[in-house]
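Q: here are the coordinates; sequence isn't available:
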């Protein structure tokens, strides 16, 4: 009997946003794997830290951070080989995933290597996009809105076409593209309908109208939401805007 | 001291897909409100049923089901008034929401009436869209894909433009539009890349390639995912397809 492979969505960062199911599986798997940068802590492990015990074997998957390039596939070949050994030995393996495993997540690289060979289950998680809308206090999308998710590395023409075509937008992976994207949103006359969210659901989260942000860079864990409908911001955000409610 | 209003995302249907946070708040609020049809059970209440006790006061919000029309706003005026009385009396109120409260959810109608008057928190939930991708075993979106969510009631031209413009699609609210949408996807040559998901995460869930489905209607809680990338289906789905892995 081989072990079972789980891809566990951990949600956006607050450890309380794990699902009951992810919590149960995480605390019952003898092997816990997670992506980690070559220097510094693993965000996925930080989210789950309170639930991992010393009885569990931890397997960091070191993914070198290279700006704007997709990780080398040999990292995942090697990780799949390591996890195979545990699965072959009959141990269940939980792979920790920030947010949701299949929403722009790297778990797909392990899934495509291992799911054909071992029983595999993906446990969906709360996406940072939903948490961002909750924090801003405006619908992500409603009624018959088209909602589009646009990765920030797309060029201005692609972004502009995407923004024009949808009623609601989430622009993700903004990082070093922030100033360019903000300028585009300003040119399109949509800055008043755009919200900025950074490290959502963590103690250091920042939620504000995009117009209020003065920096010209944004961290990796940030996004811009645009909602073209008339709904108001959360009262706390509106107050920060000085517009009242 | 007034009570606090919570919009609780319950996830797609499996009670174990509640977050730890939604579970904690749900089990500690003296008043639990939820949308309910005029006949039949409330799906939101069904998801949470195991966690509600007889010590809690239940407030069903009866939303008459009318095909293709947005609910009359006087339903929410009246519900807001009812919830206000409990909040004024100092009771915290949990409003149960299927999926995520701000992802095409009706909680926004209560939020816009009450959030300016009472402390309010929206707790994000697992969206059925993420659960559908997890079930099908293919990424919802990856790398620099544009992901678009298209409501089924849009007309063919709008749907076609949306499908052409994105690398990954979720078509929601398909219900009685199913046959028309499936025909459109066939004309666009994308049926082999489309998956069908019904009542995801529940015991009666159905997950299959769209091409396999022979009915010409779909229930309300169903969606179609299209992924234009090359990733394979989950081995269990591929097996059903007869394509092997």
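A: Sure, I can see it. Keep in mind that what you see is a predicted model, and the values were worked out from it rather than measured. Numbering: from 1, shown residues only, chains lettered A, B, ... in the order given.
Q: And the most centrally placed residue in chain A, how close does it get to chain B?
A: Centroid-nearest residue in chain A: residue A:99, 4.4 Å away (criterion: C-alpha atoms, centre = their mean). Using C-beta to the nearest C-beta, to the nearest Å, residue A:99 is found at 9 Å from chain B. Yep, even glycine has a C-beta here, placed from its N, CA and C like the rest.
Q: so who does that residue touch?
A: Residues near residue A:99 by C-beta atoms under 8 Å, 6 or more residues apart in numbering or on different chains: A:9-12, A:105, A:125-128.
Q: Show me the beta-bridge partners of it.
A: Counting by DSSP bridges, residue A:99 is bridged to residue A:11.
Q: From residue B:133, how far out is it?
A: Plainly put, residue A:99 is 12 Å away from residue B:133 if you go by C-beta to C-beta, to the nearest Å.
Q: Could you do residue A:128 as well?
A: For residue A:128, the distance to residue B:133 equals 16 Å [C-beta to C-beta].
Q: Summarise which helices and strands whichever strand or helix holds residue A:197 is packed against.
A: Element membership of residue A:197, judged by DSSP states H and E, is strand A:194-198. Packing partners of strand A:194-198 (3 or more C-beta pairs under 8 Å, 6 or more residues apart in numbering or on different chains; DSSP states H and E): helix A:128-136, strand A:206-209, strand A:222-227.
Q: which stretch among these comes nearest chain B?
A: Smallest distance to chain B across the helices and strands packed on strand A:194-198 (C-beta to the nearest C-beta): 3.8 Å, for helix A:128-136.
Q: So what touches that closest one?
A: So helix A:128-136 is contacted by A:11-13, A:17, A:98-99, A:103, A:139-140, A:149, A:170, A:172, A:195, A:197, A:200-201, A:205, A:207, A:221, A:223, A:225, A:233-234, A:237, B:7, B:9, B:100-103, B:122-125, B:127 (C-beta under 8 Å, 6+ apart).
Q: Can you identify the element that follows it toward the C-terminus?
A: strand A:147-151.
Q: contacts for that following strand?
A: Residues contacting strand A:147-151 (C-beta under 8 Å, 6+ apart): A:104, A:129, A:140-141, A:158-159, A:162-163, A:165-173, B:141, B:143-149, B:166.
Q: now those residues: which count as buried?
A: By neighbour count, with 16 or more other C-beta atoms under 10 Å in any protein chain shown, these hold A:104, A:129, A:140-141, A:159, A:162-163, A:165-173, B:141, B:144-149, B:166 as buried.
Q: Can you give me the domain boundaries for chain A?
A: According to automatic domain parsing, chain A comprises the domains A:5-123, A:128-241.
Q: so how far does the longest one reach from one end to the other?
A: End-to-end distance of domain A:5-123 (C-alpha to C-alpha, to the nearest Å): 11 Å.
Q: give me the low-pLDDT residue ranges for chain A?
A: A:66-71, A:230-234, A:236-245 (pLDDT under 70).
Q: let's see it at 50
A: A:67-68, A:241-245 (pLDDT under 50).
Q: ranges for the strands of it?
A: A:5-9, A:31-36, A:57-62, A:93-97, A:120-123, A:147-151, A:168-172, A:194-198, A:206-209, A:222-227 (DSSP state E).
Q: Out of those, which is closest to residue B:185?
A: strand A:147-151 (18.5 Å; C-beta to C-beta).
Q: Paired strands for the closest one, with orientation please.
A: Going by DSSP bridges, the partners of strand A:147-151 are strand A:168-172 (parallel), strand B:147-151 (antiparallel).
Q: Now do it and helix A:128-136, the angle between them.
A: Relative orientation of strand A:147-151 and helix A:128-136, computed by axes from the mean of the first three to the mean of the last three C-alpha atoms, to 10 degrees: 110 degrees.
Q: circling back to that earlier point, of all the domains of chain A, which one comes closest to residue B:35?
A: domain A:128-241 (14.7 Å).
Q: and residue A:84, how many residues sit next to it?
A: 18 (other C-beta atoms under 10 Å in any protein chain shown).
Q: List the contacts of the nearest residue to it once chain neighbours are set aside.
A: Of all residues not flanking residue A:84 in the chain, residue A:114 sits nearest, at 6.9 Å (C-beta to C-beta, 6 or more residues apart in numbering or on different chains). Residue A:114 makes contacts with A:5, A:80, A:83-84, A:87, A:120, as judged by C-beta under 8 Å, 6+ apart.
Q: Distance check, residue A:114 against residue A:7.
A: From residue A:114 to residue A:7 the distance is 10 Å (C-beta to C-beta).
Q: Find residues that contact each of these two.
A: residue A:120.
Q: any idea how far whichever helix in chain A runs longest is from the chain center?
A: Scanning chain A for the longest helix, with DSSP state H as the assignment, gives helix A:73-88. When distances are taken as C-alpha atoms, centre = their mean, to the nearest Å, helix A:73-88 is centred 23 Å away from the chain's centroid.
Q: Please apply the same query to stretch A:219-233.
A: Chain-centre distance of stretch A:219-233: 15 Å, with C-alpha atoms, centre = their mean.
Q: Then stretch A:46-57?
A: That offset, for stretch A:46-57, works out to 20 Å (C-alpha atoms, centre = their mean).
Q: can you pull the buried residues of that stretch?
A: Quick answer for stretch A:46-57 (16+ other C-beta under 10 Å): A:46-48, A:51-52, A:56.
Q: Just confirm yes or no for that stretch near chain B.
A: No - if you take C-beta under 8 Å from any C-beta of the partner chain as the test, stretch A:46-57 misses chain B, and the best it gets is 9.8 Å.
Q: Identify the residues contacting that stretch?
A: Around stretch A:46-57, the neighbours that count as contacts under C-beta under 8 Å, 6+ apart are A:10-11, A:13-15, A:18, A:23, A:26-27, A:29-32, A:34, A:45, A:58, A:86, A:91, A:96, A:98.
Q: Can you flag the buried ones in these?
A: A:10-11, A:13-15, A:18, A:23, A:26, A:29, A:31-32, A:34, A:45, A:86, A:91, A:96, A:98.
Q: Run a quick neighbour tally on the closest residue in space to residue A:106 that isn't next to it in sequence.
A: Spatial nearest neighbour of residue A:106, chain neighbours left out: residue A:35 (5.9 Å); criterion: C-beta to C-beta, 6+ apart. Neighbour count for residue A:35, taken as other C-beta under 10 Å: 25.
Q: and residue A:35, what does it touch?
A: A:42, A:44, A:60-61, A:63, A:96, A:106 are the contacts of residue A:35 under C-beta under 8 Å, 6+ apart.
Q: Residue A:216 too?
A: Contacts of residue A:216 (C-beta under 8 Å, 6+ apart): A:178-179, A:182.
Q: restrict the residues you listed to contacts with chain B.
A: Answer for the contacts of residue A:216 near chain B: none qualify (C-beta under 8 Å from any C-beta).
Q: Sitting in helices, which of these do you find?
A: A:178-179, A:182.
Q: what is residue A:170 paired to in the beta sheet?
A: On DSSP bridges, the residues paired with residue A:170 through beta bridges are residue A:149, residue A:225.
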